[in-house]
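Peer 1: need a 3D model of the sequence below.
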Amino acid sequence: MSKTPLVIINSPTATGKTALAINLATQFGGEIINADSMQVYRYMDIGTAKPTSEQRNQVRHHLIDIVDPDEDFNAALYAQIAGDVIARLVREKKPVFIVGGTGLYIRALLKGIIDTPQVDKKIRAHYKKLGEIHGREYLFDLLKKKDPSAARRIKQNDSVRVVRALEVWEQTGESITSRQARHAFKNSPYNCFKIGLSIDREKLKQQVEQRTKKMIDLGLIAEVEALLAKGYGKDIKPMKSIGYKQIIEYLEEIYDLEEALRRINRDTWHYAKRQMTWFAADKEIQWFAPESYNEIRTEVGKFLRENGLY
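Peer 2: As a prediction, the model looks like this:
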């Protein structure tokens, strides 16, 4: 059985993925499936840098505005819904463009979810409590004793992954790295052409700052106020994300707007660096300069022709 062709545009935030995807989808008669974990939420438009209504009128976008901010959403749900959309677009013989910077969602779509046990809330609460009492170093030392293989791959200050590795070890007696290694060999049903946009770090920093300013100019503060007025509290997951968290703290007068913007820029840059690390590990990605549209278009056209879609 032949594999389903996908064009995937994945690179760090603020590199120009949206504009590139719209140009390519317009050129080749395709549709776009969002792969940004924040753009799935309704009412969160400016702070998530969603495509504008004009852009969405140019090219049909999927998996944008599909859940309310207080609804659960995760990589498994994303993979299921995106897979259904892909199947329909393939039947219609339309090229599919997966676009976004959430590497976990893209991996879940291409490879499925790693086979780990469901979270045992009692075990998780136990380790979280240990971390609160004794600190991150204590938790990491526990991991080094119980699962040294995982400890070699996880940073000490990454408490979420440390706790998850401890949970898996306690529930299964097996290292989470063993399960990840088995998962890495799972065959994907997709034939992918992966595009990354490579930008000089200083230039990317400038683009992050410009985008933050643009979000404020477009009305990010009013957007956050509207979300709070709808009853979406500051403790739900999307409201803790970059941009929303800092504006809420500004509205609470914890610090002024200048400091809020500084923190948004700082945290966005840290996020971009984590994305760089994630995508750098994917050797299938072909990297291009953002201004190399003609070269990218040529390569995408070749890929689509080889797969009978152009």
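Peer 1: and the top strand by length along the chain, which residues are buried?
Peer 2: Criterion DSSP state E: the longest strand present in the chain is strand 190-197. Neighbour-count burial for strand 190-197 flags 190, 192-197 (criterion: 16 or more other C-beta atoms under 10 Å). (Each C-beta comes from the backbone N, C-alpha and C, glycine too.)
Peer 1: dump these to a markdown table, plus distance to Lys111.
Peer 2: What follows is the buried residues of strand 190-197, written out as a markdown table (distance: C-beta to C-beta, whole Å):
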| residue | distance to Lys111 |
| --- | --- |
| Tyr190 | 9 |
| Cys192 | 11 |
| Phe193 | 17 |
| Lys194 | 13 |
| Ile195 | 19 |
| Gly196 | 18 |
| Leu197 | 23 |
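Peer 1: list the contacts for Lys205?
Peer 2: If a contact means C-beta atoms under 8 Å, 6 or more residues apart in numbering, then Lys205 has 265, 269 as its contacts.
Peer 1: where does it fall, phi/psi-wise?
Peer 2: Torsion angles at Lys205 (phi, psi; degrees, to the nearest 10) stand at phi -60, psi -40.
Peer 1: show the pLDDT at it.
Peer 2: Listed pLDDT for Lys205 reads 97.
Peer 1: Ile195 reaches Gly16, doesn't it?
Peer 2: No - checked against C-beta atoms under 8 Å, the pair Ile195 and Gly16 is beyond contact range at 11.2 Å.
Peer 1: nearest to Gln156, of the buried residues of strand 190-197?
Peer 2: Nearest to Gln156 among the buried residues of strand 190-197: Gly196, at 28.9 Å, using C-beta to C-beta.
Peer 1: outside of the longest helix along the chain, which residues touch it?
Peer 2: The residue-count maximum for a helix in the chain (DSSP state H) belongs to helix 257-280. Contacts with helix 257-280, where a contact means C-beta under 8 Å, 6+ apart, come from 10-14, 101, 103, 196, 204-205, 208-209, 211-213, 216, 242-243, 246-247, 249-250, 255, 285.
Peer 1: what does stretch 47-63 give?
Peer 2: So stretch 47-63 is in contact with 13-14, 18, 21-22, 25-26, 30-36, 38-41, 44, 64-65, 78, 81-82, 85, 211, 215, 220, 223-224, 241-244, 247, going by C-beta under 8 Å, 6+ apart.
Peer 1: now the helices: where do they sit in the stretch 201-310 of the chain?
Peer 2: For the stretch 201-310 of the chain, the helices defined by DSSP state H, counting those that start in this stretch cover 201-218, 220-229, 244-251, 257-280, 293-306.
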